[in-house]
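Asks: Only the shape, not the letters, is given here:
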């Protein structure tokens with residue numbers, strides 16, 4: 001249950017002139033080899049400077065904002081992602097409405113792009129300016145979800161809580177840090193480049209200082225790969241070195257997404273939740289130093305796949321389906337392998353499928369001198385209890401736990417989409433509560 005999606009967001013930056021100078025210097029001793037490399041350099045490369053901005057042809061890509069569902073869930077995952085959670089500072093129902101309308105307004109602008117308002121220079125500028133005088137969309141999506149803490153007595157929302165939304169509790173292997181957990185609102189921010197995500201976050205913080213307080217954030221990325229014409233799409237690798245996306249449900253299959261991801265009418269959910277989804281977020285630290293000293297055979301047995309190709313032990317490619325029925329004792333794929341526990345591939349466990357949308361993260365070095373890196377796990381499902389919570393219980397105690405430790409995250413309900421320009425984020429909930 002790992003996401004597989006094409007990445008169209010490669011940045012084609014010019015080669016480093018410093019590197020060419022080093023190679024040229026080596027050519028004094030290396031002769032013919034470096035001579036050939038020098039001949040491969042283009043005129044454009046020769047004219048590049050070390051402080052030139054990297055060039056991308058994708059900065060004007062834009063995702064539609066209006067629709068039945070919010071963007072950023074089944075949307076093809078770009079190279080950079082972030083989860084930022086906020087506590088709501090609004091104290092009145094009127095301020096709560098203003099919060100949602102302002103969120104809607106800012107996200108429309110940021111995901112569309114354009115020229116920010118020009119203000120009197122005696123006052124702070126309307127935009128941080130980190131993207132330049134004109135804001136580019138750069139494939140940006142901003143997906144808004146609500147935590148269970150929003151449905152308390154502050155705004156009269158208590159009776160409108162999604163039926164399966166709960167506050168995330170720790171699993172046996174967790175070491176949850178309170179400052180990295182929960183929140184009234186989560187905003188998933190994804191785009192081609194990390195600076196665009198930071199720009200969007202700063203825009204929200206600047207424009208709603210009296211309405212939102214930033215609780216925590218976690219940035220992440222996935223490796224960008226070169227195109228391989230004629231070859232099937234490959235899943236990106238996580239920081240354990242394994243492909244992370246081979247068995248994700250097909251996000252382009254609308255009927256399948258209706259079954260797995262979107263809350264449908266006719267269920268025992270409040271009417272306002274229809275076409276929204278449940279979001280589970282986990283910050284999962286990887287003990288990469290320990291993992292890198294583990295024999296390859298043991299790594300593959302723990303995961304249940306061949307590391308180089310991503311193929312299950314019963315197959316040749318990462319897209320081959322594992323055959324557990326012919327291996328009941330786990331002689332080929334151990335019964336406690338990660339992929340087998342996460343998705344046993346039985347008729348009964350089909351109802352537990354989730355749509356994953358993860359990113360790798362790297363946060364520097366711990367006080368113990370270890371790399372602080374791992375997985376920003378994000379998944380969506382129509383039923384949080386049948387989805388993530390059930391899958392996590394199957395994974396409790398798995399061998400992989402020796403190499404990872406969840407430290408943060410939360411459970412949220414992702415709002416339905418904004419139908420048109422007359423609609424706005426959260427309006428169905430506010431209307432149900434008599435606030436809109």
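Replies: Now that the structure is in, tell me what you want to look at. In this text, all values refer to a predicted model and were calculated from it rather than measured experimentally.

Asks: Now do the buried residues in stretch 349-356.
Replies: 352-356 (16 or more other C-beta atoms under 10 Å). To be clear about C-beta, it is placed using only N, CA and C from the backbone, and glycine gets the same treatment.

Asks: As TSV, those residues with pLDDT and distance to residue 392 would be great.
Replies: Converted to TSV, the buried residues of stretch 349-356 look like this (pLDDT from 0 to 100; distance: C-beta to C-beta, whole Å):
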residue	pLDDT	distance to residue 392
352	98	10
353	98	14
354	98	10
355	98	15
356	98	13
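
Asks: Pick the one among those closest to residue 428.
Replies: Closest to residue 428 out of the buried residues of stretch 349-356 is residue 355 (22.1 Å), distances taken as C-beta to C-beta.

Asks: quick check: longest helix of this protein.
Replies: The longest helix of the chain (DSSP state H) is helix 93-112.

Asks: Could you point out the helix or strand that follows that one?
Replies: Next helix or strand after helix 93-112 toward the C-terminus (DSSP states H and E): strand 141-147.

Asks: packing partners for that following strand?
Replies: helix 93-112, strand 185-191, strand 404-414 (3 or more C-beta pairs under 8 Å, 6 or more residues apart in numbering; DSSP states H and E).

Asks: I'd like to know which of these is closest to residue 80.
Replies: strand 185-191 (5.9 Å).

Asks: Quick one: distance of the following helix or strand past that closest one to the chain centre.
Replies: Moving toward the C-terminus from strand 185-191, the next helix or strand (DSSP H and E) is helix 194-207. Chain-centre distance of helix 194-207: 16 Å, with C-alpha atoms, centre = their mean, to the nearest Å.

Asks: and what of stretch 237-251?
Replies: On C-alpha atoms, centre = their mean, the centre of stretch 237-251 falls 13 Å from the chain's centre.

Asks: outside of it, which residues touch it?
Replies: Surrounding stretch 237-251, the residues in contact under the criterion C-beta atoms under 8 Å, 6 or more residues apart in numbering are 1-5, 74, 76, 223, 234-236, 256-257, 260, 286, 288, 291, 299, 303, 305, 307, 310, 318-319, 339, 343, 353, 355-356, 358, 360, 362, 373-375, 403.

Asks: From those, list just the buried residues.
Replies: Buried among the contacts of stretch 237-251 (16+ other C-beta under 10 Å): 1-5, 74, 76, 234-236, 257, 260, 286, 288, 291, 299, 303, 305, 307, 310, 318-319, 339, 343, 353, 355-356, 358, 360, 373-375, 403.

Asks: circling back to that earlier point, check which helices and strands the longest helix of the chain is in contact with.
Replies: strand 141-147, helix 194-207, helix 427-432.

Asks: And those: which comes nearest residue 50?
Replies: Using C-beta to C-beta, these put helix 194-207 closest to residue 50, at 18.3 Å.

Asks: next helix or strand past that closest one?
Replies: For helix 194-207, the following helix or strand on the C-terminal side (DSSP H and E) is strand 212-221.

Asks: by contact count, what packs against that following strand?
Replies: So strand 212-221, by 3+ C-beta pairs under 8 Å, 6+ apart, packs with strand 80-88, helix 194-207, strand 359-365, strand 371-381.
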